[in-house]
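Peer 1: A structural model of the following input is requested.
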Amino acid sequence: MHFRTDKADLISAAPWIDKDTLPGSTPTFEAGHAFGMMVAVLVSLVEVNIQ
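Peer 2: Predicted coordinates:
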């Protein structure tokens with residue numbers, strides 16, 4: 001408790017902060033995001049090879 005930065009509980013009381021995404025929580029994986037990033041990488045590779 002001596003090293004807490006949120007002594008006024010502003011962060012923990014804020015309704016717009018999702019407590020599941022704070023550091024120390026379990027990471028989530030969504031396949032749609034992963035496939036979207038793969039498509040973006042493939043498009044950039046094709047674009048570089050065309051030029």
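Peer 1: shaky segments in this protein?
Peer 2: Scanning the chain for pLDDT under 70 picks out 1-7, 17-26, 51.
Peer 1: one more time with 80, if that's ok
Peer 2: Scanning the chain for pLDDT under 80 picks out the ranges 1-28, 49-51.
Peer 1: just the CA trace of the lengthiest helix in it, in PDB.
Peer 2: Longest helix in the chain, counting residues (DSSP state H): helix 31-50. Taking Å, rounded to 0.1, in the frame of the first residue of the first chain, the C-alpha atoms of helix 31-50 are listed here in PDB:
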ATOM      1  CA  ALA A  31      -9.100 -14.200 -34.200                       C
ATOM      2  CA  GLY A  32     -10.600 -11.400 -36.200                       C
ATOM      3  CA  HIS A  33      -8.000  -9.000 -35.100                       C
ATOM      4  CA  ALA A  34      -5.200 -11.400 -35.800                       C
ATOM      5  CA  PHE A  35      -6.500 -12.100 -39.300                       C
ATOM      6  CA  GLY A  36      -6.900  -8.400 -39.900                       C
ATOM      7  CA  MET A  37      -3.300  -7.800 -39.100                       C
ATOM      8  CA  MET A  38      -2.200 -10.700 -41.300                       C
ATOM      9  CA  VAL A  39      -4.100  -9.100 -44.200                       C
ATOM     10  CA  ALA A  40      -2.500  -5.700 -43.600                       C
ATOM     11  CA  VAL A  41       1.000  -7.300 -43.600                       C
ATOM     12  CA  LEU A  42       0.200  -9.200 -46.800                       C
ATOM     13  CA  VAL A  43      -1.100  -6.100 -48.600                       C
ATOM     14  CA  SER A  44       2.000  -4.100 -47.600                       C
ATOM     15  CA  LEU A  45       4.300  -6.900 -48.800                       C
ATOM     16  CA  VAL A  46       2.500  -7.000 -52.200                       C
ATOM     17  CA  GLU A  47       2.700  -3.200 -52.400                       C
ATOM     18  CA  VAL A  48       6.400  -3.100 -51.700                       C
ATOM     19  CA  ASN A  49       7.100  -5.900 -54.300                       C
ATOM     20  CA  ILE A  50       5.100  -4.100 -57.000                       C
END
